[in-house]
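Student: okay, sequence plus prediction incoming.
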Amino acid sequence: MASPALASQEDRAAATRQRILEVAEGLFRAIGYQKTAVADIARELGMSPANVYLFFPSKSAINEAITARLLEGVASDLEAIADGPGAAPDRLRAMLRALHARHLALFFSQKRMHDMVSAAMSEHWGVISGFIARIEAAMGRVIADGARRGEFAPIDPAEGARMLKQATLCWTHPVLIADAMDKRQVEEAQMAGELDGMLDLLIRGLRPDS
């Protein structure tokens, strides 16, 4: 068991780490993650860059920690839908609609944070693999539950979740959403309609009588 002095030291370190992330996120939202240097974060905190590096070994570590904070909320929301009430097809629809809506909101209202999440996914930052694993695991639980209840045909839940993820990437990957909005000039309502059409097709394929 940690001594009171050690526990207090750990609490102070955790509080400082949290403060660094809050200040860094504020700067990321204001000027972008690429333009924010550790020196900028340190200046806002009234400390030296060397002190920031005591808590985060690199700027990349700060980037990943803030991305993890953003994605934690998304993953938690989707897990709540997956493990909540309702028919399995309805939960799958709700999960993928929610994932689309969250990334679409980032594109429209938090462009600088969208750029960071897009970079994290395109460059395969370590935090992304954990996020994807949580989403696939949540979808797998819904697929398994649907099979138990006779709403879906028997299928390997992990494989089914991977296939669902791949089939809906155009609507759930921030880079592909941005590409559709910018290059194809797709409207928000059109994207939502396309996703619903794809979900109709995919869920029909999961049903036992398909």
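Tutor: That came through fine. Numbering: from 1, shown residues only.
Student: okay, and the residue nearest in space to the middle of the chain sits in which element?
Tutor: The central residue of the chain, meaning the one whose C-alpha is nearest the mean C-alpha position (Cα atoms, centre = their mean), is residue 71 at 3.3 Å. Take DSSP states H and E as the rule and residue 71 turns out to sit in helix 59-82.
Student: right, and the helix or strand after that helix?
Tutor: Scanning forward in sequence from helix 59-82 by DSSP H and E, the next helix or strand is helix 88-109.
Student: same for that following helix, what does it pack against?
Tutor: In terms of contact count using 3 or more Cβ pairs under 8 Å, 6 or more residues apart in numbering; DSSP states H and E, helix 88-109 is assigned the packing partners helix 59-82, helix 111-122, helix 126-148, helix 169-172, helix 174-182, helix 188-206. From N, CA and C alone the C-beta is placed, and that goes for glycine too.
Student: how about these, which one is nearest residue 105?
Tutor: Closest of those to residue 105 is helix 111-122, at 8.9 Å (criterion: Cβ to Cβ).
Student: in stretch 155-167, which residues are buried?
Tutor: 155, 157, 160-161, 163-165, 167 (16 or more other Cβ atoms under 10 Å).
Student: want to throw those residues into a markdown table with pLDDT and distance to residue 76?
Tutor: Rendered in a markdown table, the data for the buried residues of stretch 155-167 read as follows (pLDDT from 0 to 100; distance: Cβ to Cβ, whole Å):
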| residue | pLDDT | distance to residue 76 |
| --- | --- | --- |
| 155 | 93 | 26 |
| 157 | 96 | 20 |
| 160 | 95 | 22 |
| 161 | 96 | 18 |
| 163 | 95 | 24 |
| 164 | 95 | 19 |
| 165 | 93 | 18 |
| 167 | 95 | 24 |
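Student: sorry, back to before: buried set for the helix holding residue 71?
Tutor: By neighbour count, and taking 16+ other Cβ under 10 Å as the criterion, the buried residues in helix 59-82 are 59, 62-68, 70-71, 74-75, 77-79, 81-82.
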